[in-house]
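1. I'd like to go over a predicted model; first the sequence, then the structure.
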Amino acid sequence: MAETTVNKPAAKPPSPTIENLKTIFKKLRKNKAAMVGGYLIIFFVIVAIFGPLFTTGSPSAIDPTNRMAPPSADNWFGTDHQGRDIFTRIIHGMSITLYIGFSSVLIGAIVGVFIGLVSGYYGKKVDAILMRCMDVLLAFPGILLALAIVSVLGGSLQNVIIAVGIFSVPMFARIVRGSVLAVRKLEYVDAVRALGASDTRIIFRHVLPNIMSPIIVQATLRMATAILTASGLSFLGLGAQPPTPEWGAMLSAGRNYMWDSPHIALFPGLAIVIVVLAFNIFGDGLRDALDPKTK
Amino acid sequence: MTTNLLQVNNLKQYFPIKGGIFGRRVNDVKAVDDITFGVREGETLSIVGESGCGKSTTGRAILRLDEPTSGEVTFNGEDLLSLSKGEMRKRRKDLQIIFQDPYASINPRQTVRQVLNEAMAIQNVVPKEKRLDRMMELMKTVGLGPHQLDRFPHEFSGGQRQRIGIARALAVDPKLIVCDESVSALDVSIQAQVLNLLKKLQKEFNLTYLFISHDLGVVRHISDRVMVMYLGKIVEIGDKKSVFDNPKHPYTKTLLSAIPVPDPNAKRDQIVLKGDVPSPIDPPTGCRFHTRCPFATDKCKNEVPELRNTGADMMKEGHNAACHYIEEIESGEMKPKYT
């Protein structure tokens, strides 16, 4: 071994990031529930991408002769009040749901992380002002805030994403601010400051990479909340407009036929529950795995 | 005085204590309160004192890692505190710092190569194509192998990490290095290695050190001059030999009497102080040491003693102590009161 490394630099050792990922994955594997959640999420993503290719017919194809049919071999989840195949609509709705969840969390994370970084790093007045604004946002119940934003902007898929994104901002901002406060006091930050590094360099090169784990956990957990809130808004008719196969909207449409044909509301509802549950238990598991105090 | 590389005048560092709903300034922690001293080019000035006396705060204030409340820090004839943020960033090339905790002072996600490269890139001291050579040279200087260049901090021992910290500081060719308890976290054998490395580097690159430590043994080994601090004030400053052999201030005497002697049979008069260090929020009036000083009188309670040289023999030029009764204590006229 020693001879091979005389003059050449030794083989590149694994970076702490990769080492970390390995230990995190090890911890995560022990947590059965989290693994189930993780596999489900992977499955959802695959369904969202490839599912529509395998379904026959359009999600909005109406069949007036076959209205409100119960589940059968032809229509696995039955048909709705206009004769549309619910299974096809749920498969097509998967990508919409994930798209809403992902993009609203992305908006919330980008804005929230930025505010948290600025607030935590500069402190003092900047911090006080930004954090009071975040407190104002936090004071509203989530769905109410989203509702208010959507009613100002008008109901559409885009606006739902923006609304849910905005209401995710304070959560990210708070978590990031706290982590920044801890990291900024570390000596290596002082060391690069003493070298004359600019604030931007310190924030993005030295602070941000070291606070990624709480951000990732929060993003996963927010996905669940975001999906639920977006469905809620669509259920109230403020989100995706018909005939978009959005689950919340489907649930809302099926509500009128609950007694005669419960399957119309049942299947979209179940889909929402499973997706939200998967993100929640995966996020919880991830949080435990990323906690350096647990083994 | 004009030959000093670094001159600190009336430096004050107060940390505000906020209270109430509106974050009013209720009081201040007077961490460093009006200190004046100079460091000559190429020498090592040690700052000693117990925890919380303002040693590290002084170092950080000089580097403007914390903005001092007031005072003047003149480096190479230029007042650092009046520089703008951008100008200061450029000036940082000349002033570097080596930290106490080798485990916290390097970004765990950077390899040694990235650490050193970043230091050179920030100050742009070495053209890009020559940086690798310079890195190799630095590694060799601090006693690390070139094959360790692509390793991460967690793969090094404490002593090795401290060497990386030193290499990072050296990467920008500084003139003055503040060593903030730089060897305190290392065990004794490694301490000696790092201290000798620091000494060697000083000769090689004509470095000036401001060496902050609570370990008097280490201070004795490395310093040219020593400055003793108590509760944010300088109590005694002077040539190492003069201070160690002839301490004038009662506090310095106490401090020096606490150095362990490696002889179990040696008889020595260890002075043990009573009580705790008073809070720097409301420091005692007059001489800050009067609450614990065995010689204290009413004058000590009311008048702040100036740093002075008695002119008597044994007290060398440049050796100053801040006590009203240097002569009286020295002649045995005043006896310590132990209660």
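-> Ah, there it is.

2. surely A:Gly38 touches A:Asn31?
-> No: A:Gly38 is beyond contact range of A:Asn31, at 9.4 Å (criterion: Cβ atoms under 8 Å). C-beta here means a position set from N, CA and C on the backbone, and glycine is covered the same way.

3. any common contacting residues for those two?
-> By Cβ atoms under 8 Å, 6 or more residues apart in numbering or on different chains, A:Gly38 and A:Asn31 have these common neighbours: A:Gly285.

4. quick one: the helices in chain A?
-> With DSSP state H as the criterion, chain A has helices at A:16-30, A:32-54, A:86-122, A:124-139, A:142-153, A:157-184, A:187-194, A:199-201, A:212-235, A:247-254, A:263-290.

5. in JSON lines: those helices, plus mean neighbour count and mean pLDDT.
-> Formatted as JSON lines, the helices of chain A follow (neighbours: other Cβ atoms under 10 Å in any protein chain shown; pLDDT from 0 to 100):
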{"stretch": "helix A:16-30", "mean neighbour count": "14", "mean pLDDT": "77"}
{"stretch": "helix A:32-54", "mean neighbour count": "15", "mean pLDDT": "88"}
{"stretch": "helix A:86-122", "mean neighbour count": "22", "mean pLDDT": "91"}
{"stretch": "helix A:124-139", "mean neighbour count": "14", "mean pLDDT": "89"}
{"stretch": "helix A:142-153", "mean neighbour count": "17", "mean pLDDT": "84"}
{"stretch": "helix A:157-184", "mean neighbour count": "22", "mean pLDDT": "90"}
{"stretch": "helix A:187-194", "mean neighbour count": "23", "mean pLDDT": "88"}
{"stretch": "helix A:199-201", "mean neighbour count": "13", "mean pLDDT": "89"}
{"stretch": "helix A:212-235", "mean neighbour count": "23", "mean pLDDT": "88"}
{"stretch": "helix A:247-254", "mean neighbour count": "24", "mean pLDDT": "86"}
{"stretch": "helix A:263-290", "mean neighbour count": "20", "mean pLDDT": "89"}
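
6. so which of those gets nearest B:Asp28?
-> helix A:124-139 (16.0 Å; Cβ to Cβ).

7. wondering if the closest one reaches chain B at all.
-> Yes: Helix A:124-139 reaches chain B (Cβ under 8 Å from any Cβ of the partner chain) through A:Ala128.

8. can you confirm B:Val226 is in a strand?
-> Yes: counting by DSSP: H, G, I helix; E, B strand; the rest coil, B:Val226 is found in a strand.

9. you'd agree it is up against B:Phe244?
-> Yes: with contact defined as Cβ under 8 Å, B:Val226 counts as touching B:Phe244 (7.2 Å).

10. which one's more surrounded, those two?
-> With neighbours defined as other Cβ atoms under 10 Å in any protein chain shown, B:Val226 and B:Phe244 compare such that B:Val226 has more, 27 against 17.

11. who's that one bridged to?
-> B:Ser46, B:Gly238 (DSSP bridges).

12. quick check: which of the helices of chain A is nearest to B:Glu129?
-> Using Cβ to Cβ, the nearest of those to B:Glu129 is helix A:199-201, at 22.1 Å.

13. quick one, what contacts B:Asn302?
-> B:Thr285, B:Gly286.

14. quick check: the gap between it and chain A.
-> Applying Cβ to the nearest Cβ, to the nearest Å, the value for B:Asn302 to chain A is 38 Å.

15. tell me the pLDDT at the residue positioned nearest the centre of chain B?
-> The residue lying closest to the centre of chain B (Cα atoms, centre = their mean) is B:Ile212, at 2.6 Å. At B:Ile212, the predicted lDDT confidence score is 92.

16. do A:Glu3 as well
-> 43.

17. B:Arg220 reaches B:Phe244, doesn't it?
-> Yes: between B:Arg220 and B:Phe244 there is a contact at 6.1 Å, judged by Cβ under 8 Å.

18. I'd like the helices of chain A as a markdown table, with distance to B:Arg60 appended.
-> Listed next are the helices of chain A as a markdown table, based on distance: least, Cβ to Cβ, whole Å:
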| stretch | distance to B:Arg60 |
| --- | --- |
| helix A:16-30 | 28 |
| helix A:32-54 | 44 |
| helix A:86-122 | 18 |
| helix A:124-139 | 18 |
| helix A:142-153 | 43 |
| helix A:157-184 | 14 |
| helix A:187-194 | 8 |
| helix A:199-201 | 18 |
| helix A:212-235 | 28 |
| helix A:247-254 | 55 |
| helix A:263-290 | 32 |
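
19. among those helices, which is nearest B:Arg161?
-> Here helix A:187-194 is closest among the helices of chain A (Cβ to Cβ), at 10.8 Å.

20. just give the closest residue to B:Asp215, not the sequence neighbours.
-> Computed as Cβ to Cβ, 6 or more residues apart in numbering or on different chains, the closest residue to B:Asp215 that is not its neighbour in sequence is B:Ser184, at 6.4 Å.

21. for B:Arg288, that is, sorry about that
-> Nearest to B:Arg288 is B:Leu231, by Cβ to Cβ, 6+ apart, at 4.4 Å.

22. need the contact list for that neighbour.
-> Contacts of B:Leu231 (Cβ under 8 Å, 6+ apart): B:Asp33, B:Gly52, B:Cys53, B:Gly54, B:Val277, B:Pro278, B:Pro280, B:Pro283, B:Pro284, B:Arg288, B:Phe289.

23. so how far is B:Ile17 from the second one?
-> If I follow you right, that is B:Gly52. 15 Å (Cβ to Cβ, to the nearest Å).

24. for A:Gly154, same thing?
-> From A:Gly154 to B:Ile17 the distance is 50 Å (Cβ to Cβ).

25. for chain B, give me the ranges with low pLDDT.
-> Per-residue confidence for chain B (pLDDT under 70) gives these ranges: B:1-2, B:268, B:312-316, B:338-339.
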